[in-house]
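Asks: predicted coordinates and the sequence they were generated for:
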Amino acid sequence: MSMRLGDYRLAAGAVAAVLLVAATAPTRAQDKIIKIGALLPMSGPGSYFGAQDKQGIELALDEVNKTGVGGYKLEVKYEDSSCSPLPATQAAKRMLEQYKPDVVIGEECSDATLAIMPLMEQAKVPFLNAGSSAIRITEPGNPWTFRIMPNEVMQGVDIATNAYTRLNARTAVLLYENTNAGIGNAKVFNDTFTKLGGKILADIGFGRDINDFTSIATRVAGVGKIDVIPTYTLEGQGLKITQALAQAGVTKGGGGQAIQLGTIWLPFGFEQKAGKTALGYIRIVQFDPTDQRALVRHFVDAFKAKYGQDPTHLHAHAYDQIALIADTVKRGAKDAQSIRDAFAATKSFTGVTGSVAFDKTNQNAEMDTVHYMETLPDLSWKTLKWN
Amino acid sequence: MTIILQQGINGVVLGSLYVLVALGLTLIYGVLVQINFAHADIVTLGAFSAYFFMHGVGGGYLASIGVSLIVGGALGWLMNTAIFAPLQGKGSELLPLIATIGVSVTMENAMLAWFGPIPYAFDSPYSNEVFRFGGTFITAQNALIVAVSAVTIGLLYAFMKFTFLGKALRAVAQDRETAGLMGINPNQLVMLTFVIASALAGMAGAMLGPVLVLTPFAGTSVIVKAFAIVIIGGFGNFEGAILAGLLVGLIESFTTQYLGPGMIDIVVFALLLMMLAIRPTGLIAEKREENV
């Protein structure tokens, strides 16, 4: 009996040893992997963000992982955060518990980003954002959240100032979705434009469930002479607003005088979908495809070679997120804490969208990621070189 | 005055859109006492059918409306044959209801996989043609929507009131068992109801496609309003749905003008709650047996 017990102990010891080896073997293999969690909207009205972000990420991974960086390879796991707080929170929890990433990138929509941030802070995982504009993401500052994209104040002040000084706009109508980002962007424009001496004729917020914008365009048409219409929406609603404003004869695309002003929320190709109604539309994009820097030309060529299409600014800022993480690894980062510290120390990173230098709130302080484009009659773009 | 008139036109257009979607819902409820949660996805598939008929096959927009009607009808036949008919008489009325949710989720995700998440620019030849008169305007597409809605309502009304099949449908809606004893095959009429309702949804998709943001979630964005219309009009009540659809369209337009678009849902759903509290039978109060 005692012999049998001893056999059991021996066998149990052997099994434990095997399990220990099995358990540690993957860990050793993963020692040289930087795990990146990507929380992207892959369903719902913002899913075009996720689809394009993923393409930019995959291209960057191909390039970085060809040789690796500092002896590490980068690995990405995707979760659908749906551009909305609740699914974003659930996706983030899943990501943190199951994948245990060294760094997380995403979301695009501010409401979702704001919901994810506390979870990342609690887990002490650095969170790199490239597409959300709400000021609260970096004000007063969160030690674990970093933002490449200019926030709503940087964008809003800039676009309002340019509208007033370069376009000589004196009247404006604000159109925006009722989200943190929509309300915030519109408020900054309102404050800046009014301070400069401009007048806001109407301030119109709407839900994401609105489909027909004819009634809104009718109301806009009735407020008097409008110079500019800053519009803060996702692509789908943006298209319908642009068409409705033209049909109501308000904007240049419909024979009116008003110029629509837009943000980086809209993807490339928007003008082709909106057609002639988009004539004269001026908007910020985060990436200038006509930029002649070697880095940008390489990105454009590599993207075309991989996907057979031109890259958009969403592809570009996702590509830059991976490139910045690779840069931190090159500078010696190897885990969550050291990646966070390397992000915080970033003062001169150059990406395809522009430069990155994080300030004390972890906001990118550089403005060269803001590019202004105007839609021409043939629906092509003219770079305005305002920044 | 011009603005009031313009918002009136906008409201009638919007109401006509809602009526097109709500008619199928109310028809199914009237005959089957069943809510079809997959209705929104048939609307979406109808819109995509029209889009791909135009942009893939090179067909015309008016013909694409017919294509969507057929696609919707075929899908209705398939759904009833494969899912709802086998579930009839299985003991629980919840089974078909849950099945419609399952069909809806499956269709939505299948469309997301096939068509992708990026919004499609579905412009009909009438989208950018604008008629202007006395300071007001209407696009040719919107005028077409009102005309198609009016013709559809007229044809459906005539079908239900004056044809043998329509009368048989109403008989099944009133009392399925007694209708069966009179020589009517209720199962065939249930199938017919599904086919007609789904064909209407498909056609509504083709009409809505150029107006809505065309994504795999397009139908979902109007279905909530369509459900509200069916409730406000009276479950299964044909005339009530038409009246409620136009009323909701007008409320939306004038709320946008005078209160702001952010107030639309508050006003519409406050009306819905008020109707449920004060007049639960709907705008046109009838006994359910007299519906459809």
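Replies: Good, I have the coordinates. Residues are numbered from 1 along each chain as shown, chains lettered A, B, ... in the order given.
Asks: please count neighbours and contacts with C-alpha atoms only from this point.
Replies: Noted.
Asks: spell out which residues of the stretch 101-250 of chain A are next to chain B.
Replies: Applying Cα under 8 Å from any Cα of the partner chain, we find that the stretch 101-250 of chain A lies next to chain B at A:178, A:204-207, A:209-212, A:214-216, A:218-219, A:222, A:235-237, A:239-240, A:247-248.
Asks: so which of the residues you listed belong to strands?
Replies: A:204-206 (DSSP state E).
Asks: name the nearest of those relative to chain B.
Replies: residue A:206 (4.7 Å; Cα to the nearest Cα).
Asks: ok so, going back, closest one to residue B:132 out of the ones in strands among the residues of the stretch 101-250 of chain A next to chain B, please.
Replies: residue A:204 (25.0 Å; Cα to Cα).
Asks: and the residues of the stretch 101-250 of chain A next to chain B, which of them are buried?
Replies: The neighbour-count test (16 or more other Cα atoms under 10 Å in any protein chain shown) applied to those identifies A:178, A:204-207, A:210-212, A:214-216, A:218-219, A:235-237, A:239-240, A:247-248 as buried.
Asks: ranges for the helices of chain B?
Replies: B:2-32, B:39-55, B:61-79, B:85-87, B:94-115, B:140-162, B:164-174, B:176-181, B:186-208, B:218-233, B:238-258, B:264-278 (DSSP state H).
Asks: using a markdown table, lay out the ones you listed together with mean pLDDT.
Replies: Below are these laid out as a markdown table (pLDDT from 0 to 100):
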| stretch | mean pLDDT |
| --- | --- |
| helix B:2-32 | 90 |
| helix B:39-55 | 94 |
| helix B:61-79 | 95 |
| helix B:85-87 | 82 |
| helix B:94-115 | 88 |
| helix B:140-162 | 92 |
| helix B:164-174 | 83 |
| helix B:176-181 | 78 |
| helix B:186-208 | 91 |
| helix B:218-233 | 86 |
| helix B:238-258 | 91 |
| helix B:264-278 | 88 |
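Asks: which of the ones you listed sits closest to residue A:174?
Replies: Nearest of the helices of chain B (Cα to Cα): helix B:238-258, 14.3 Å.
Asks: elements contacting that closest one?
Replies: helix A:214-221, helix B:2-32, helix B:218-233, helix B:264-278 (3 or more Cα pairs under 8 Å, 6 or more residues apart in numbering or on different chains; DSSP states H and E).
Asks: how distant is the second one from the center of its chain?
Replies: Same thing as helix B:2-32. 9 Å (Cα atoms, centre = their mean, to the nearest Å).
Asks: and for stretch B:34-48?
Replies: Using Cα atoms, centre = their mean, the offset of stretch B:34-48 from its chain centre is 8 Å.
Asks: for the closest residue to residue A:201 other than its chain neighbours, grab phi and psi.
Replies: Using Cα to Cα, 6 or more residues apart in numbering or on different chains and skipping residues adjacent in sequence, the residue nearest residue A:201 is residue A:173, 5.4 Å away. With angles defined as degrees, to the nearest 10, residue A:173 sits at phi -120, psi 130.
Asks: quick one, what contacts residue A:173?
Replies: A:200-204, A:220, A:226, A:228-230 (Cα atoms under 8 Å, 6 or more residues apart in numbering or on different chains).
Asks: test of understanding: give the bridge partners of it.
Replies: residue A:202 (DSSP bridges).
Asks: which residue, other than its chain neighbours, is closest to residue A:188?
Replies: In space, residue A:188 is closest to residue A:156, 5.3 Å off (Cα to Cα, 6+ apart).
Asks: tell me who's in contact with that neighbour.
Replies: Contacts of residue A:156 (Cα under 8 Å, 6+ apart): A:185-186, A:188-189, A:192.
Asks: of the residues you listed, just say which sits nearest to chain B.
Replies: The shortest approach to chain B among these belongs to residue A:186, at 14.9 Å (Cα to the nearest Cα).
Asks: I figured that closest one hits residue A:172, correct?
Replies: No: using Cα atoms under 8 Å as the test, residue A:186 is too far from residue A:172 to be in contact (10.9 Å).
Asks: compute the first-to-last residue distance for stretch A:142-161.
Replies: Start-to-end span of stretch A:142-161 (Cα to Cα, to the nearest Å) is 29 Å.
Asks: run the chain-centre distance for that stretch.
Replies: On Cα atoms, centre = their mean, the centre of stretch A:142-161 falls 11 Å from the chain's centre.
Asks: what about residue A:223, neighbour count?
Replies: When counting by other Cα atoms under 10 Å in any protein chain shown, one arrives at 11 neighbours for residue A:223.
Asks: where's it relative to residue B:192, distance?
Replies: 50 Å.
Asks: over to residue A:187?
Replies: 54 Å.
Asks: same check on residue A:215?
Replies: When residue A:215 is compared with residue B:192 (using Cα to Cα), they lie 37 Å apart.
Asks: with residue A:247 instead?
Replies: 40 Å.
Asks: try residue A:62
Replies: 54 Å.
Asks: just residue A:164 next, same as before
Replies: 62 Å.
Asks: over to residue A:78?
Replies: Applying Cα to Cα, the value for residue A:78 to residue B:192 is 44 Å.
Asks: repeat that for residue A:161.
Replies: Taken as Cα to Cα, the span from residue A:161 to residue B:192 is 62 Å.
Asks: do residue B:240 as well
Replies: On the measure of Cα to Cα, residue B:240 and residue B:192 end up 22 Å apart.
Asks: more crowded one of those two?
Replies: The neighbour count for residue B:240 versus residue B:192, taken as other Cα under 10 Å, is higher for residue B:240 (25 against 19).
Asks: OK, contacts around the closest residue to the more buried one other than its chain neighbours?
Replies: Nearest residue to residue B:240, sequence neighbours excluded (Cα to Cα, 6+ apart): residue B:233, at 3.8 Å. By Cα under 8 Å, 6+ apart, the residues touching residue B:233 are B:239-245, B:282-284.
Asks: could you find the closest non-adjacent residue to residue B:271?
Replies: Nearest to residue B:271 is residue B:232, by Cα to Cα, 6+ apart, at 7.9 Å.
Asks: roughly how far apart are the one you found and residue B:130?
Replies: Counting by Cα to Cα - residue B:232 and residue B:130 are separated by 33 Å.
Asks: ok, those two, which is more surrounded?
Replies: For the pair residue B:232 and residue B:130, the greater number of neighbours falls to residue B:232 (31 against 18), based on other Cα under 10 Å.
Asks: that one is in contact with residue B:274, isn't it?
Replies: No: in this structure, residue B:232 is not within contact of residue B:274 by Cα under 8 Å, at 9.2 Å.
Asks: residue A:284 contacts residue A:367, correct?
Replies: No: applying Cα under 8 Å as the test, residue A:284 and residue A:367 come out as separate, 11.6 Å apart.
Asks: could you check which of these two is surrounded by more residues?
Replies: Comparing residue A:284 with residue A:367 by other Cα under 10 Å, the one with more neighbours is residue A:284, at 21 against 17.
Asks: so how far is chain B from the more buried one?
Replies: 20 Å (Cα to the nearest Cα, to the nearest Å).
Asks: so that residue is in which element?
Replies: strand A:282-285 (DSSP states H and E).
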